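Participant: sequence plus predicted model, see below.
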Amino acid sequence: MLLFYLSLSRILLSLNLRVYYIILNLMNGQQTAKQTILHEHFEYHMLRVKAASTAAVSCITLDNVITIVIYFNSSFCHLNNKLSQLIRVKSQSLNMDTIIDRGTPKARNFEPYASNGGSIVAISGKDFAIVASDTRLSEGYMIYTRKQSKLFQLSDKSVLGCTGCWCDTLSLTNIIQSQLKSYLYDHNTIMQPNSIAQLLSTLLYSRRFFPYYVYNVLAGLDNNGEGCLYSYDPVGHCEKVNYTAGGSSGVLMQPFLDSWLGKRTADNPVTEEEALSLVKDAFTAAGERDIYTGDEVVYNIIKKDGIQTGVVQLRKD
Amino acid sequence: MEFVSQNWIPGNFKSVPDTGRTVQIPSKLPEDIELSHDVVQHGWTPITTTTSVLGVVFESGVALAADTLTSYGSMACFQNNPRILTVNQNIIVAAAGEYSDYQFIRDVVEEKVRTEKSLNDGISMKPKALHTWLSRVLYNRRTKMKPLWSTFLVAGIQNDVPFLGEIDKLGTAFVDDQIASGYGAYLALPLMRKAIDEKREKFNSKLTKDEAVDLLKKCMEVLYYRDARSHDKYQIGIITKDSVEVQNLALKPRWEVAKLVQGYE
């Protein structure tokens, strides 16, 4: 085995290949006994040539027959031939079978994200928070359904609004809800909105390099019974705000909210009636200009004595 | 199904089937095969495809419609491939997209149903459960960038209420009273929405079973005239509280109007 490694490392060295990882499965009787990652040993010998030059080699022993699998990316296919010949020669002397493979298939022309439209508006006040979404779920020029609320009630004190890629939204909200259940059973108390805000940020950032393509707005009542609002980007940046608009019409509605609420001071807080009417106006305006926002608005008003729900009709075209 | 232990990551569930298409590594490579740059790694695109599926909820159940053609590119390759699956007495499922991916899911679902039956506790899967399960399976595979290239319509009765939901290849899942995929979303869905809305506005009621079936037949005809990947033989699956049936039907297309189309001679 050692001999094999040395010869393989020499081959790869002579080809100026950089080996990403080499995994060795040692067979002990019937089942795999241990796995050893040997990349430290190899990287010492390897030269780095091109940034895009990667190859991975795995050796699997099955019934005393050693199989070498070499994974290439496409930029290295010209080396396949040379390397396969070299390894074949070497392995014949070591009585090994060799196989060259160009990698596990991944969908290269597959787009894992969809933009399913929808908008969220949320406003917090002295003793309430209101969060609203439209109910149109669409992709491109196609409306999937006209009655998909994008609000997720996480507890009797917090509601999450999600727009963006609907499949990510479903996954993310399921994970949050299961985490909240765990928290409830562990601590015998519901999670407070500020804690949910941190949880959501951590969850989003956990997928920093394959993000949940979801724009989140978390509305709730904090420990003092005051309305609180957290606005997110898809990779977990979290900001506590007094009002926000997000989703496909976020850029249309945010300036509208800025003009009405941007210069409010603590002695002139926004009232519930005013907030609700602003939400309705924002969505009516957005429905006129954005094809991804329409059909209906559902809103949740979170107050001390519960969550009040309502529906407003929007354009259906 | 075997539960494989693995590290938990978001969106990754332990019981999700993960076989399907992978590279088949031959045990020994023939010496005469040249491995070089002309070995092409094909992209992950559907090969044998099926076209639209339609689904509509009526007063006492749900009806699905799908033709029986599987295309290979533009070739009408397999003309008798049914794709409406009777899961159990509660659920029927129809699929569109890559036919082999549908077959894979069908095998797994059938195994689930067999496992349930062998428990013999009188409990059987309900449509919402299968809808959620499918959404997790498809989302899991899209997250691995190894999608199952299919759209599924799940129809059934849950607690005496008709249920109709769709899941696409990304795991986008939703529920509605009328759903169509592919070309059907452009050509048939407006007809279905119109029929359902008119019935509700005029009579404040849902479609009857016969109206729903007639509506689907009309939609299939419209699709046959304009969707080049459609077929004249199709199936309609109807599920109500008391019955599950899948009818084999054929269109009687009228092409005599075709000669009235001017300008393409």
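Facilitator: Yes, it's here. Keep in mind that what you see is a predicted model, and the values were worked out from it rather than measured. Numbers count the residues shown, from 1 in each chain, chains lettered A, B, ... in the order given.

Participant: and the helices in the stretch 1-150 of chain B?
Facilitator: B:99-119, B:127-143 (DSSP state H, counting those that start in this stretch).

Participant: and those, which is most packed in?
Facilitator: Neighbour counts (mean count of other C-beta atoms under 10 Å in any protein chain shown) averaged over each of these peak at helix B:127-143, with a mean of 22. C-beta coordinates here come from the backbone N, C-alpha and C atoms, glycine included.

Participant: just give me how far that helix sits from the chain centre.
Facilitator: Distance of helix B:127-143 from the chain centroid (C-alpha atoms, centre = their mean, to the nearest Å) equals 13 Å.

Participant: contacts for that helix, please.
Facilitator: The contact list for helix B:127-143 (C-beta atoms under 8 Å, 6 or more residues apart in numbering or on different chains) reads A:110, A:112, A:167, A:170-171, A:210, B:11-13, B:16-18, B:20, B:87, B:90-91, B:93, B:105, B:108-109, B:147-148, B:150, B:152, B:154-158, B:163, B:165, B:167-173, B:175.

Participant: surely residue B:222 is in a helix?
Facilitator: Yes - under DSSP: H, G, I helix; E, B strand; the rest coil, residue B:222 falls within a helix.

Participant: next one: it from chain A, what distance?
Facilitator: According to C-beta to the nearest C-beta, to the nearest Å, residue B:222 stands 17 Å off from chain A.

Participant: that residue contacts residue B:191, correct?
Facilitator: Yes - using C-beta atoms under 8 Å, residue B:222 is in contact with residue B:191, at 6.7 Å.

Participant: residue A:283 looks like it's in a strand, true?
Facilitator: No - counting by three-state DSSP, one finds residue A:283 to be helix, located in no strand.

Participant: if I read this right, residue A:122 contacts residue A:217, doesn't it?
Facilitator: Yes - between residue A:122 and residue A:217 a contact is recorded at 4.8 Å, counting by C-beta under 8 Å.

Participant: so for those two, which residues contact both of them?
Facilitator: With C-beta under 8 Å, 6+ apart as the test, residue A:122 and residue A:217 both reach A:131, A:161, A:229, A:231, A:244.

Participant: so what's residue B:263 scoring on pLDDT?
Facilitator: At residue B:263, the pLDDT value in this model is 85.

Participant: hang on, it in a helix?
Facilitator: No - checked against three-state DSSP, residue B:263 lies outside a helix; its state is coil.

Participant: check contacts around residue A:114.
Facilitator: A:139, A:165-167, B:170, B:172.

Participant: got a list of what residue B:82 touches?
Facilitator: B:68, B:235, B:246.

Participant: now, which of these sits nearest residue B:256?
Facilitator: For the contacts of residue B:82, the minimum distance to residue B:256 (C-beta to C-beta) is 25.0 Å, reached by residue B:68.

Participant: quick check: the closest one touching residue B:233?
Facilitator: Yes - with contacts counted by C-beta under 8 Å, residue B:68 reaches residue B:233, the gap being 5.0 Å.

Participant: roughly how far apart are residue B:122 and residue A:161?
Facilitator: According to C-beta to C-beta, to the nearest Å, residue B:122 stands 41 Å off from residue A:161.

Participant: of the contacts of residue B:82, which is the most crowded?
Facilitator: residue B:68 (20 neighbours; other C-beta atoms under 10 Å in any protein chain shown).
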